[in-house]
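1. Got a predicted structure plus its sequence, pasted below:
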Amino acid sequence: MKAIRIEQPNRVVVADLPVPQPGRGEVLIRVMASGICGTDIHILRGEYLGEYPVIPGHELSGVVEQVGADVARCEVGDRVAVEPNIACDACYNCLHNRQNFCLNWEAIGVTRPGGMAQYVVAPEKAVFAIGELPFECGAFVEPLSCVLHGVERAGVQMADRVAILGAGPIGLLLLQVARLRGAARVTVVEKQPARAELAEACGADRALSALDDLEPDCYDVVIDATGALPVMARAIDFARRGGTVLLFGVPPAGASMELEGFKIFQKGLTILSSFTSLRNSYQAVALLQSGQVDVLGLISHQLPLSDFERGVELIEKGRDDVKKVLILPQT
């Protein structure tokens with residue numbers, strides 16, 4: 001099979017590798033779509049704690065090609081998506097229903113071979129049937145499950161006023177899920193005109209181009225979807241007294257952020273972060289199948305496996321017309 005393999009930071013090859021074989025309790029998947037995520041870029045650029053070489057790709061969908069011994073829930077020919085975070089289900093955190101903080105955590109595309117390949121092996125417990133959902137949509141099951149967990153943590157309620165900082169693919173998923181939770185008004189801040197326009201098409205009441213245009217001390221929930229430290233630091237300015245700030249975007253590792261302690265105290269804010277997902281994959285599949293979360297409009301590029309580095313460059317350049325970039329390994 002063909003696979004993208006990151007040999008070391010900033011060095012990518014298209015490798016010819018044997019098709020992996022599923023072990024006991026595992027499933028072999030023919031990968032049909034795999035999304036490029038910020039984590040893949042961190043791995044490529046050397047901001048990665050695991051070992052090289054590695055096959056990236058943790059947002060993926062495909063078809064079950066083969067099943068290992070003792071697999072009961074999946075059958076050959078099933079159309080599936082994958083939850084890449086694999087918990088041991090036996091450590092202290094897992095047994096306290098904190099599987100996303102598993103002490104023996106593994107992840108497809110991070111510590112295990114991932115979906116930037118024509119085939120990938122996954123444990124059966126990490127595989128979810130998507131029925132007739134297009135594979136391009138199935139590749140959003142993982143990011144949507146993370147968004148669902150984040151919005152649950154933020155506690156968005158009926159009639160809330162919500163501000164979302166950033167309208168990349170994740171910000172647009174956060175917008176749609178906040179609407180489903182009952183938010184009365186959602187304001188998005190996005191400097192790129194095409195993304196701001198798409199945010200309004202996805203249900204935003206307003207799309208502002210600058211943080212300075214956003215009302216201070218106004219919103220029940222403020223969500224950062226940028227991971228940019230200066231933006232994250234300002235999020236507390238826009239939450240109402242007693243409000244909630246969710247820091248969802250992934251900031252650079254090792255970097256510090258200054259927050260005004262007295263302002264947090266005076267406003268009685270709840271400040272949260274959100275890490276991966278927690279048993280949200282079935283919810284994500286159901287919402288995509290129902291059409292209540294629309295992701296096809298978030299896809300800007302679909303590229304062959306050999307164009308992985310081009311896809312990364314498109315994202316890193318931050319062009320206005322670049323949203324979600326998918327890799328189609330069978331193309």
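-> Received it, and whenever you're ready, just let me know what you need.

2. This structure: helices as residue ranges?
-> 38-44, 135-138, 141-154, 169-180, 193-201, 229-238, 261-267, 281-290, 308-317 (DSSP state H).

3. Columns mean pLDDT on top of these, output as JSON lines?
-> Putting those into JSON lines (pLDDT from 0 to 100) gives the following:
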{"stretch": "helix 38-44", "mean pLDDT": "92"}
{"stretch": "helix 135-138", "mean pLDDT": "98"}
{"stretch": "helix 141-154", "mean pLDDT": "98"}
{"stretch": "helix 169-180", "mean pLDDT": "97"}
{"stretch": "helix 193-201", "mean pLDDT": "95"}
{"stretch": "helix 229-238", "mean pLDDT": "98"}
{"stretch": "helix 261-267", "mean pLDDT": "97"}
{"stretch": "helix 281-290", "mean pLDDT": "98"}
{"stretch": "helix 308-317", "mean pLDDT": "95"}
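
4. Need the ones you listed in CSV (columns: mean neighbour count).
-> In short, each C-beta sits where N, CA and C put it, glycine included. Formatted as CSV, the helices of the chain follow (neighbours: other CB atoms under 10 Å):
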stretch, mean neighbour count
helix 38-44, 21
helix 135-138, 23
helix 141-154, 25
helix 169-180, 25
helix 193-201, 18
helix 229-238, 18
helix 261-267, 12
helix 281-290, 18
helix 308-317, 16
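
5. Ok, which of those comes nearest P18?
-> helix 308-317 (20.0 Å; CB to CB).

6. Mind putting the helices of the chain into a markdown table with distance to G115?
-> Shown next, in a markdown table, are the helices of the chain (distance: least, CB to CB, whole Å):
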| stretch | distance to G115 |
| --- | --- |
| helix 38-44 | 10 |
| helix 135-138 | 11 |
| helix 141-154 | 10 |
| helix 169-180 | 17 |
| helix 193-201 | 25 |
| helix 229-238 | 29 |
| helix 261-267 | 40 |
| helix 281-290 | 15 |
| helix 308-317 | 11 |
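
7. Nearest to H301, out of these?
-> Once these are compared by CB to CB, helix 308-317 is nearest, at 6.3 Å.

8. Quick one: neighbours of F101, just the number.
-> 15 (other CB atoms under 10 Å).

9. Y219: which of the helices of the chain is closest?
-> It is, among the helices of the chain and with distance given as CB to CB, helix 229-238, at 5.3 Å.

10. okay, and the helix or strand of the chain with the least pLDDT?
-> When each helix and strand of the chain is scored by mean pLDDT, DSSP states H and E, helix 38-44 comes last, with a mean of 92.

11. Spit out the contact partners of D16.
-> 1-2 (CB atoms under 8 Å, 6 or more residues apart in numbering).

12. any idea how far the residue most central in space within the chain lies from L172?
-> Centroid check for the chain by CA atoms, centre = their mean gives P143 as the closest residue, at 2.8 Å. Distance of P143 to L172, given as CB to CB, to the nearest Å: 10 Å.

13. now Q302
-> Q302 is 18 Å from L172, by CB to CB.
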